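Visitor: Just a sequence and a predicted model for now, questions to come.
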Amino acid sequence: MNIRALILGGALAAVLSLPSQAAAILNAGFETGDLNDWSFTSGYVDVVTDADDALAGSAFSQHFEATEGDYFAKLTAGPVNDEYTLLFQSFTLSVASRVEFDAAFLAFDDVDHNDDAYVRVFSLSTNEIVFASSVLDVDSQGHTPWARFSTSQLAAGDYTFEAGVRNVDGAEDIYSSQLLVDNVAAVVPEPATWAMLLVGFGVIGGALRGHRRMTGYGAFSA
């Protein structure tokens, strides 16, 4: 076995041993049943097991449960107009990764007020808004379903995950739109993907070496 094969085998073994998920974000699914490890606007962020949209009980209603585990975070717009209720956590990516999460927006308002919500991941070099919705997007008293969102590939470094929802020209007790968040994760490239790439590079390298040997033999014999 030559040195190239040994290097390729060692690299392949190392890649296969990589975890598919980086443990960078703490209490990422809120499975402690509380907001441990998170910073938040006191009084307006809860950890819950279910939620209903503004039209609960009608033919257009939707009941929300956790997308994984038993709990998720519910952010409710506060009483101060244009001031966001926030949930956030700073974390470090040791390797290049994507940040993924589930989110849904529940509009307890009408289009004349246009409450909105967002989720972003930011650092000194990036400020990526990954999810954004408003009453205009879902219509009066509407909602989005749970959906999975993902950032682009982020370089290793320090980041903050931040979610926010706000009232726009509304009264808290009547028009308190909500943002639901669950299953936040920092995900590194799948080991299988890297393994296939390494194998592909090895095949290409082997073919090139074989081609060089054949070319050299022909030149010598001529």
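Guide: Structure's in. What do you need?
Visitor: In the record's domain split, what are the boundaries for the protein?
Guide: 1-19+190-222, 21-188 (automatic domain parsing).
Visitor: Any regions of this structure where pLDDT drops low?
Guide: 1-23, 57-60, 170-175, 190-222 (pLDDT under 70).
Visitor: sorry, back to before: hey, which of the domains of the chain is tucked in deepest?
Guide: The highest mean neighbour count among the domains of the chain, using mean count of other CB atoms under 10 Å, belongs to domain 21-188: a mean of 18. Bear in mind the C-beta positions are built from the backbone N, C-alpha and C, glycine included.
Visitor: In the chain, what residue spans correspond to helices?
Guide: Ranges of helices in the chain, per DSSP state H, are 3-16, 135-138, 191-221.
Visitor: ok, now which ones touch the residue nearest to the spatial centre of the chain?
Guide: With distances taken as CA atoms, centre = their mean, the chain has E100 as the residue nearest its mean C-alpha position (1.6 Å). The contact partners of E100, taken as CB atoms under 8 Å, 6 or more residues apart in numbering, are 148-151, 183-187.
Visitor: between the residues you listed, which is nearest N81?
Guide: F149 (27.0 Å; CB to CB).
Visitor: ok, what's across the strand from the closest one?
Guide: Applying DSSP bridges to F149 gives these bridge partners: F101.
Visitor: if I read this right, it contacts I129, doesn't it?
Guide: No: contact between F149 and I129 fails when scored by CB atoms under 8 Å: they sit 10.3 Å apart.
Visitor: List the residues that are in contact with both of the two.
Guide: V119.
Visitor: how close does the nearest residue to A107 once chain neighbours are set aside sit to L55?
Guide: Distances taken as CB to CB, 6 or more residues apart in numbering place V135 nearest to A107, at 4.5 Å, with adjacent residues excluded. Distance, V135 to L55, by CB to CB, to the nearest Å: 13 Å.
Visitor: residue boundaries of the strands in this structure?
Guide: Here the chain has its strands, by DSSP state E, at 21-22, 39-40, 45-48, 50-52, 63-65, 72-76, 85-93, 98-106, 116-122, 127-134, 147-150, 157-166, 178-187.
Visitor: Could I get those strands in JSON lines, plus columns for distance to F30?
Guide: Output for these, formatted as JSON lines (distance: least, CB to CB, whole Å):
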{"stretch": "strand 21-22", "distance to F30": "17"}
{"stretch": "strand 39-40", "distance to F30": "11"}
{"stretch": "strand 45-48", "distance to F30": "5"}
{"stretch": "strand 50-52", "distance to F30": "13"}
{"stretch": "strand 63-65", "distance to F30": "13"}
{"stretch": "strand 72-76", "distance to F30": "5"}
{"stretch": "strand 85-93", "distance to F30": "10"}
{"stretch": "strand 98-106", "distance to F30": "11"}
{"stretch": "strand 116-122", "distance to F30": "15"}
{"stretch": "strand 127-134", "distance to F30": "17"}
{"stretch": "strand 147-150", "distance to F30": "16"}
{"stretch": "strand 157-166", "distance to F30": "12"}
{"stretch": "strand 178-187", "distance to F30": "7"}
